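Trainee: sequence and computational prediction follow.
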Amino acid sequence: MIHLDLFLGFLKVGCFAFGGAYGAIPLIRDIVMSYGWLSDEMLAYMIAVSESTPGPIMVNLATYIGSSQAGFLGAVIATLAVVLPSFLIILLITALLKTALKNKYVQAILRGLKPCVIGIVLATGIYMMLENCFGTISEIKVNMQAIGITALLVASIFGYKYFAKKKLSPIGLIILSAIFGIIIF
């Protein structure tokens, strides 16, 4: 019976928790208190722990409460129940979007948006690079370490393309950035 209660309780949370994880906390509290799964104080501790661990708060709370009430199987059931509504909604949107993408007007809109998105991302990247390397307009401050890392990354991109005859992957670029940052800073 506890497994069914966990499933139905966290399915309600997954269905009706709008406004993000913090909006779901009152709903989780109501469900937990109505079933008597945790005390108010213990729930407050678990919210704090769920906030500080990786992953969404709702999933972390569901996993912990399910585990505390019915062991591993309870954790799995509560976690699946809390994510099931979102998963089904995303599947539905994907199915609808797939048919919408075949529409010539939707394709035209997306083709028109692509250069805009590229421009926004490029402008943001250039702005961040210039601000980190040279400071803001009101306070110009040259950061030689940031300029050095930027130069090394640009040289790595072109060097890799020249020698390997292909583009450097974004993951490779992130790893290089981390290595250069560790070495220089």
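Mentor: Ah, there it is.
Trainee: buried ones in stretch 40-48?
Mentor: Leu43, Met46, Ile47 (16 or more other C-beta atoms under 10 Å). No exception for glycine: its C-beta is placed from N, CA and C like everyone else's.
Trainee: measure the last one to Ala17 for me?
Mentor: So that's Ile47. When distance is defined by C-beta to C-beta, to the nearest Å, Ile47 is 14 Å away from Ala17.
Trainee: okay, now the domains of this protein?
Mentor: Here the domain parsing of the chain from automatic domain parsing is 2-100, 104-184.
Trainee: got a markdown table for the buried residues of stretch 40-48, with distance to Gly71 too?
Mentor: Below are the buried residues of stretch 40-48 laid out as a markdown table (distance: C-beta to C-beta, whole Å):
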| residue | distance to Gly71 |
| --- | --- |
| Leu43 | 19 |
| Met46 | 17 |
| Ile47 | 22 |
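Trainee: among the residues you listed, which are in helices?
Mentor: Secondary structure defined by DSSP state H assigns Leu43, Met46, Ile47 of those to helices.
Trainee: isn't Ala75 up against Asn60?
Mentor: No: using C-beta atoms under 8 Å as the test, Ala75 is too far from Asn60 to be in contact (10.6 Å).
Trainee: residues contacting the residue nearest to Leu168 when sequence neighbours are not counted?
Mentor: Nearest residue to Leu168, sequence neighbours excluded (C-beta to C-beta, 6 or more residues apart in numbering): Tyr160, at 4.3 Å. Going by C-beta atoms under 8 Å, 6 or more residues apart in numbering, Tyr160 touches Lys166, Lys167, Leu168, Gly172.
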